[in-house]
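[1] What follows is a predicted protein model with its sequence.
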Amino acid sequence: MTNAATLPAGRARPTPASAAAPAGRILSWLRRRIFASWRDAVLSLSVVAVLGAIAWAIVPWALLDASWSGASRADCTGTGACWAFVAAKAPQFVYGFYPPAERWRPDIALALLVFGLAWLMVPRLPGKRYAGLFMMIVLPLATVLLLHGGFGGLAVVPSDQWGGLLLTMILAVSGITFSLPFGVLFALGRRSRMPLIRWFCIGFIEFCRGVPFLTVLFMAIVMLPFFLPSGMKPNPLALAVAGIIFYEAAYMAEVVRGGLQALPKGQYEAAMAIGFGYWRTMLHIILPQAVRKVVPGVVNTTISLLKNTTLVMVVGLFDLLNIVSAGVSDPLWAGSQAEGYFIVGLVFWLMSFGLSCYSRAIEAGFARAERS
Amino acid sequence: MENPLIQLANVNKWYNQFHVLRDIDLEVRRGERIVVCGPSGSGKSTMIRCINGLEAYEQGTITVAGERVDQDDDNIEKIRQRVGMVFQSFNLFPHLSILDNLTLGPIKLKRVPRAAAEARAMELLERVHIGHQALKFPNQLSGGQQQRVAIARALAMEPDVMLFDEPTSALDPEMVKEVLDVMIELAGTGMTMICVTHEMGFARAVADRVVFMADGAIAEVGTPDSFFSAPRTERARQFIQQVIH
């Protein structure tokens, strides 16, 4: 069945597209969608006015009056943005304090990430199961080994030199990759028939949801050394990664639980009646349906995870936001806050928007598969 | 005589205070076709759901091919593989194609190679007259078609016995017949069947015995002819009058 056949007859019947000339088609679209009544026209024009005002404020600053090159803030003579600042600091924003001569190592790690993502996301590529294993086992191990070095002639680069977008990506990718599987486990545990497991999962989820992420990070970095043998110092990056994964897993667990509860009891019974045990029922019948139902919620949590990575600055890590803040305080470039934070915002927005688009593509794919 | 395929002995079950099954005794031989009927709330569905362990029972014994049915026993999954079940609300897996609905169990539980499982599934789909819909998804089929797929899905596990829990109650009237026809064809193959249903025409056509339940107990057991023409209990008489109208 096509959509057109089910649409209720509106007051403005669309004219057959083939019948009208292109110009006529645009006019008719304008009449139907923008100026259908004087109220619609006022609303549409107001939106255009607001968008125009925003563009009017930003475009001259960001593009027309901007200065693009220079060695210090003093070279920026225009009245607009001083992009020379971003250009000069770009390598640091991307790699942090990673030694310039070794920066090919993060580049390879990035290539591996892109390869894994493409394998997962391009529907035609086979072996999705192995792509998942690659993302969850091969990629993290390879990335840590490659970035840290210390074997086969690779110089050791301790993790406190990793920074910038590189660090943000490490935090975000590991968080996104592992928070969903752990979240699923916590969600299942919360509905377990075994009371100890259930209580533990409820306790963990409610703890994480009840405590600000900053507090968790702070306590981990300040309190943990008291419990460790003297001389042992926790690695802040490892703590931050573990913190993000488990903290966000608690949120994922609640999202997934919503999907589990939305499934009718008949699905469990049908699976059991065929002879599936608990894990097979979950893996093949329940979770695929439950997770599909909550894709928007999962992506919502993922985006919030992405932005929560900026909080790692409290444990002394230089993620993208923190390293831009550091760059802004460089006396040569004093007064470049607007440019720096504009770029940080833009990068985070691009990543979040990418996730949103991917989410919508997944939802559309599911809808096609089930109802076409 | 051969041991019964299914045996319920002195089974009792309670929902809190409510006594849902009272002293149920029933033996079903291999190849036998049983129709279970009775007023709503009489425990028919509960009884057949106990046979594959979807419901627990507190007293008595249920065995399938000599194996005791116990929800908490690991053996229950093996028993369920031998007991096919068809539900009132179909319960197909909406995220899987019709073909995958049929092959998932054999592939994952019986380690049947995919190609063999698919060939067998296509055979079964032909048998329930929906071979050409194999690649569609459950939501794209009518209720009657979905229920026929559900029957084929249960058969794909090569069960010893099929349980039907009011298989036509959720269907539009014009689809009841296509499902009953499939069930009658199935009965013709010698499959052991226990059907909870109000379809008295079906009972007359295929049942070896009709089991009439009231208030959680088996009130009467007889051949379809004797049960419908000369019920021994007053409850059965009332019930027959109601379903015939």
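    Structure received. Residues are numbered from 1 along each chain as shown, chains lettered A, B, ... in the order given.

[2] So B:Glu178 sits against B:Gly144, correct?
    Yes. The pair formed by B:Glu178 and B:Gly144 meets the contact definition of C-beta atoms under 8 Å, at 4.7 Å. (Glycine included, C-beta is placed from N, CA and C.)

[3] any idea where the helices of chain B begin and end?
    B:44-51, B:76-82, B:98-110, B:114-127, B:143-156, B:173-188, B:200-206, B:224-229, B:234-244 (DSSP state H).

[4] which stretch in the ones you listed has the least confidence?
    Mean pLDDT values for the helices of chain B show the minimum at helix B:234-244, a mean of 89.

[5] Quick check: buried residues in that one?
    Residues of helix B:234-244 classed as buried by neighbour count (16 or more other C-beta atoms under 10 Å in any protein chain shown): B:235-236, B:239-240.

[6] With distance to chain A as added columns, please give those residues in a markdown table.
    A markdown table is the format used below for the buried residues of helix B:234-244 (distance: C-beta to the nearest C-beta, whole Å):
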| residue | distance to chain A |
| --- | --- |
| B:Arg235 | 30 |
| B:Ala236 | 30 |
| B:Phe239 | 27 |
| B:Ile240 | 30 |
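
[7] neighbours around the closest residue to B:Asn12 other than its chain neighbours, how many?
    Nearest residue to B:Asn12, sequence neighbours excluded (C-beta to C-beta, 6 or more residues apart in numbering or on different chains): B:Gln59, at 3.9 Å. The local packing of B:Gln59 (other C-beta atoms under 10 Å in any protein chain shown) involves 13 other residues.

[8] who's in contact with B:Gln59?
    Contacts for B:Gln59 were tallied using C-beta atoms under 8 Å, 6 or more residues apart in numbering or on different chains; they are B:10-13.

[9] Please report how far it lies from B:His19.
    11 Å (C-beta to C-beta, to the nearest Å).

[10] measure stretch B:39-55 end to end?
    Using C-alpha to C-alpha, to the nearest Å, the end-to-end distance of stretch B:39-55 comes out at 20 Å.

[11] Residues that sit against both of B:Gln59 and B:His19, list them.
    Common neighbours of B:Gln59 and B:His19, counting by C-beta under 8 Å, 6+ apart, are B:12-13.

[12] In the stretch 101-250 of chain A, what residue comes closest to chain B?
    A:Arg193 (10.5 Å; C-beta to the nearest C-beta).

[13] That residue should be in a helix, yeah?
    No. Applying DSSP: H, G, I helix; E, B strand; the rest coil, one finds A:Arg193 to be coil, outside a helix.

[14] give the contact list for it.
    No contacts exist for A:Arg193 under C-beta under 8 Å, 6+ apart.

[15] list the contacts for the residue lying closest to B:Ala187 once chain neighbours are set aside?
    Excluding its sequence neighbours, the residue lying closest to B:Ala187 (C-beta to C-beta, 6+ apart) is B:Val206, at 4.1 Å. By C-beta under 8 Å, 6+ apart, the contact list for B:Val206 reads B:33, B:35, B:183-184, B:187, B:193.

[16] now A:Pro60
    A:Gly80.

[17] From A:Gly335, how far out is it?
    With C-beta to C-beta as the criterion, A:Pro60 and A:Gly335 are 19 Å apart.

[18] do A:Gly150 as well
    41 Å.

[19] same deal with B:Gln81?
    74 Å.

[20] pLDDT (mean, whole number) over the strand or helix carrying A:Met219?
    Element membership for A:Met219, per DSSP states H and E: helix A:213-227. Helix A:213-227 shows a mean pLDDT of 82.

[21] list the helices and strands it packs on?
    When contacts are defined as 3 or more C-beta pairs under 8 Å, 6 or more residues apart in numbering or on different chains; DSSP states H and E, helix A:213-227 packs onto helix A:236-262.

[22] okay, now A:Lys307: neighbour count?
    Neighbours of A:Lys307 (other C-beta under 10 Å): 13.

[23] got the contact list for it?
    By C-beta under 8 Å, 6+ apart, the contact set of A:Lys307 is A:348, A:352.

[24] Could you do B:Phe239 as well?
    Contacts of B:Phe239 (C-beta under 8 Å, 6+ apart): B:37-39, B:212, B:214.

[25] Could you export these as a markdown table, including distance to chain A, neighbour count and pLDDT?
    Output for the contacts of B:Phe239, formatted as a markdown table (distance: C-beta to the nearest C-beta, whole Å; neighbours: other C-beta atoms under 10 Å in any protein chain shown; pLDDT from 0 to 100):
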| residue | distance to chain A | neighbour count | pLDDT |
| --- | --- | --- | --- |
| B:Cys37 | 22 | 24 | 94 |
| B:Gly38 | 22 | 25 | 93 |
| B:Pro39 | 23 | 16 | 92 |
| B:Phe212 | 25 | 25 | 96 |
| B:Ala214 | 25 | 21 | 94 |
